[in-house]
Structures are given as structure tokens and as C-alpha cells.
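J.: just coords:
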């Protein structure tokens, strides 16, 4: 008897349907075809053990299982439940009528219980798109799949529940989740707040500008000055996620298996902080079955690289294209996959190996040329993609013990949201541009126009401070954001003056 069951495979952040054709006929042997990998081939032993727990069995007949389309490699153990239901229906052990109405996915344990799988959200979206009545999957994944409406999400704890449900002997109520309610109740709730930071008002101002324009930032300062503490609080002043952004971000984390069992929808902007020993594949994504890397997991959020010069040169260089294009393309011999990577890069570094160059109190012990050599570990092309260079100085005792409360993130966010609204209106005709940081050089010339006084100031600054040519566009972009925060239609001389001071590493002789 020939039966078709349906599963799904995830490629990139999208899913496509896999048809499992099971034919049980007189004869012997078990054949699994359709380009399965070793994990899929090993499903026979897991299925056999799981079925025995509940007095079902794999029939001792000829069983041919084809996973179509047969030219695409099937990977992972998530097809266990799909294949098991196909075998039971094809051998007459359960009623086959309902089997084809549901997409079925789940990894089996030897005792028949189900283990959670990755990529449930894109799979559920594909199931609804293709008109399936519902999806049967492990109970741990049900909340995640229930984000998708108009789809019956049947969460099961073990294979017996799935068998009895498909056989019509057990009723399982579909899990219903009010996605809007979850989103509205949890959106933008952060544990860290700018109010926790005493002093550092100039750095907070720089991060507010970065958040308002979507600019990348590098902070240079001695150990213990508060660079990491400030970076952790940046997501709390970014504009709240929209529903579309929340779903897009959740899909990426679902594919990577980073959603917890209790999580269904990401409602806060992600903050990723990989260690400096990370490999280039782990950072940008890849592998035999390409998976999203840290830059994609930081999509719509913040990627923080602490101790930037300690990262391997090759790791930093692979970020250059994603920073420019806001996506990363993973190419393999048979396929090419795009992962979104629209993130804000926040980097921090010590000014020298000992950490105390330019320190107001402690003396730097690094020899001549050591500081410049240390800074040269970060390439010019990468610095070219970072708009704000901020010097962080240690907090004084008086600032640390001050009783005056710092400004809460919610008030800073209000100003950021207003500035972003101006940019949304400005770029409404250009779908690929959403913030000032994303402007191309031609757009900078049209939008960031300055008067004669501003032109004279910028010329003087570039000559006296030895600013590089690459600093020119960056200063104009940042000054446009500062003007937006001030509610100004034009870039004034004070906006330019503030933007110029955020180019520390472009100054000739900064490192001696």
C-alpha cells in the first residue's frame, strides 16, 4: 500500500515541503532513498524502538521510502515522526485518511517521546502557505509554531499521542496563541537601562546619535571605563521592533535553534556578543548545511565585538561586505543561500596593549610605535564602515557616587524614535534605505548639503586634524542625524562641529 506523508526542510530562513512516499509490499528489506544523510538513515532504529514501546511494529515486509524531491539532500533527525506515521499508515496499523492533511515533524527518542526540532517557525509558515490543515510536532515546539494563525498546531509529547490523533482515537485541541497580545505585552522590555550608568554623558550622547541614525560605533578607552556596560544598554534605546521585524528575527533564531522552549516570539532587539576566539564561519554563517552566524542572529539588533584587535584578521575582514549590503550570501557548489544581516556594529578596544594610552592618571608603558601597531590590527576598510569613533575616559569618583539619577532609556528612546520617523519620511521612496547610515554617496550629496560656513569649518577640520578623505561622508551622515535629533531641516554649523569630534581614529598622530 502506498501512502504519502509530508515533512519539511529548511534552507536559509525559508522552508520547502518534503513528500515522504512509503510503499509496503510483499518481500523483505527496508529501503530509504531520496538522498538522506546518515541521521535520516539511522531513523529506522529509533522508529523501531519507539514503536515497540506501544506495541506497534515495523512490518517484516519490503518497505520502500522515498523522500521527494530526490535531488535535494535531506539532513537531520526531524523526519523520524514523518516516516513512522507513513509506515504505520502504509501497513494498515492506523487509518490513513488524516495522515496527508497534516505536516508532521519530530525527532524520536528510543522510549517513544519526542525531542524538539529546529526551524519550526518557517516550517509552520510553509505549511499554511501550502494549505495543510495543521502541523503535528513536539509539544516543546508548539508555542513557536502557534505564532502562525489559520493553522492547527498539534503538540504531542510522544509517538502514541500522534498515532491515536491521526487514527481518530484521541482529540487534541490545537494550541492557540494571541501573537499580538504576546507582542504588545513584552515588546521592548529590557533588563539593562541607561539609568544604571553614572557619568559618561558624552558617550551616552554618541550612542543616542548612533541609535537615531543606525550608525556603527567604536569605543576606545582603558579597561574598566564602562565600554561593555554602555554597549549592553544600546538595544534599550533603539526603536521598538515592529511585528514584521519580530517575525523576521524569530525565524532566524528558530532556524539556528536558539529559541528556548518557553519562547514563541522575540519581542526585543537581539544583542549578540561573541568571544574574540570565534571563527569566520561562526561569525558570518556557513557549514555543510549552511546555518546563520552571529551577524544574522544580530539582525535588527546589535552585534558587540569586545576587544576588537584581539579578533583574528580574517574574521573581521569577512564582515566588510555584510556591513555594506546588510545581508550575507553563503555559496556552495549546489546552492547559494542569503541570510539577512542588518545589524548595528558596536566595537570596543583598548587604546594600546597595556590599556592606558591617553589615560588621565595612569602612564602608558608601551614602547614607541607599539600603540600604532596595535591600532593597525583593525584594518582601514573596516574602520571605513564605522561612522563614530568615541574616546571613553574613566568615570571619576564624584560621578560614581553622585545622587543625581541618570536619564532613563525610555526618554532617550523617545528622541530616537522621533529622529527615525523623520528618516522614514525622507527615504519613503527608496525601499533599500531606512536610516541615515544606509545612504549611498550620491544621496549624501543631495541630502546632506551644508552652507558656506559649514563647508569652511569642515575644510579647516580636515586640514588641521588631518582627517582622511573617508571621514568626509561619515561626518556628513552623522551631522544629518544630529540635525534630525534636534528637529532641524538643515545641517547647521553646530551639528557639523559635534560630528567632527566623533572621528578620533582618523586624526593624524592620534596614536603618537
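T.: That came in fine, so what should we check first? All values derive from a computational prediction rather than experimental measurement. Residues are numbered from 1 along each chain as shown.

J.: could you use CA atoms for every contact and neighbour count after this?
T.: OK.

J.: could I get the full set of strands for the stretch 251-400 of the chain?
T.: Taking DSSP state E, counting those that start in this stretch to define them, one finds strands in the stretch 251-400 of the chain at 271-272, 285-286, 291-292, 302-305, 327-331, 336-340, 344-349, 388-391.

J.: show me how this protein divides into domains.
T.: 2-166, 186-407, 439-512 (automatic domain parsing).

J.: and the nearest residue to residue 164 once chain neighbours are set aside, how many neighbours?
T.: Leaving aside its chain neighbours, residue 164 sits nearest to residue 170 (5.2 Å; criterion: C-alpha to C-alpha, 6 or more residues apart in numbering). Under the neighbour criterion other C-alpha atoms under 10 Å, residue 170 is assigned a count of 13.

J.: pretty sure residue 170 is in a helix, no?
T.: No - counting by DSSP: H, G, I helix; E, B strand; the rest coil, residue 170 is located in no helix; its state is coil.

J.: what about it, distance to residue 161?
T.: To residue 161, residue 170 is 7 Å away according to C-alpha to C-alpha, to the nearest Å.

J.: residue 212 now?
T.: 51 Å.

J.: how about residue 417?
T.: Distance from residue 417 to residue 161, by C-alpha to C-alpha: 48 Å.

J.: one more: residue 404?
T.: Distance from residue 404 to residue 161, by C-alpha to C-alpha: 60 Å.

J.: the more surrounded of those two?
T.: Counted by other C-alpha under 10 Å, residue 404 and residue 161 do not tie: residue 161 has more neighbours, with 19 against 9.

J.: tell me which residues in the helix or strand encompassing that one are buried?
T.: Counting by DSSP states H and E, the element that carries residue 161 is helix 159-166. Of the residues in helix 159-166, 159, 160, 161, 162, 163, 165, 166 count as buried by neighbour count, 16 or more other C-alpha atoms under 10 Å.

J.: need those in JSON lines with pLDDT and distance to residue 199, can you?
T.: Converted to JSON lines, those look like this (pLDDT from 0 to 100; distance: C-alpha to C-alpha, whole Å):
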{"residue": "159", "pLDDT": "97", "distance to residue 199": "58"}
{"residue": "160", "pLDDT": "97", "distance to residue 199": "61"}
{"residue": "161", "pLDDT": "97", "distance to residue 199": "59"}
{"residue": "162", "pLDDT": "97", "distance to residue 199": "59"}
{"residue": "163", "pLDDT": "97", "distance to residue 199": "62"}
{"residue": "165", "pLDDT": "97", "distance to residue 199": "61"}
{"residue": "166", "pLDDT": "96", "distance to residue 199": "63"}
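
J.: the closest residue in space to residue 490 that isn't next to it in sequence: neighbour count?
T.: Nearest residue to residue 490 in three dimensions, chain neighbours excluded: residue 483, at 6.9 Å (C-alpha to C-alpha, 6+ apart). When neighbours are counted by other C-alpha under 10 Å, residue 483 registers 20.

J.: which residues does whichever strand or helix holds residue 483 contact?
T.: In this assignment (DSSP H and E), residue 483 forms part of helix 470-485. For helix 470-485, contacts defined as C-alpha atoms under 8 Å, 6 or more residues apart in numbering pick out 209, 212-213, 215, 384, 387-388, 415-416, 418-419, 422-423, 436-437, 439, 441, 444, 448, 489-492, 495-496, 498-500, 503, 506.

J.: buried only: go through those residues for me.
T.: 209, 212-213, 215, 387-388, 415-416, 418-419, 422-423, 436-437, 439, 444, 448, 490-492, 495-496, 499-500, 503, 506.
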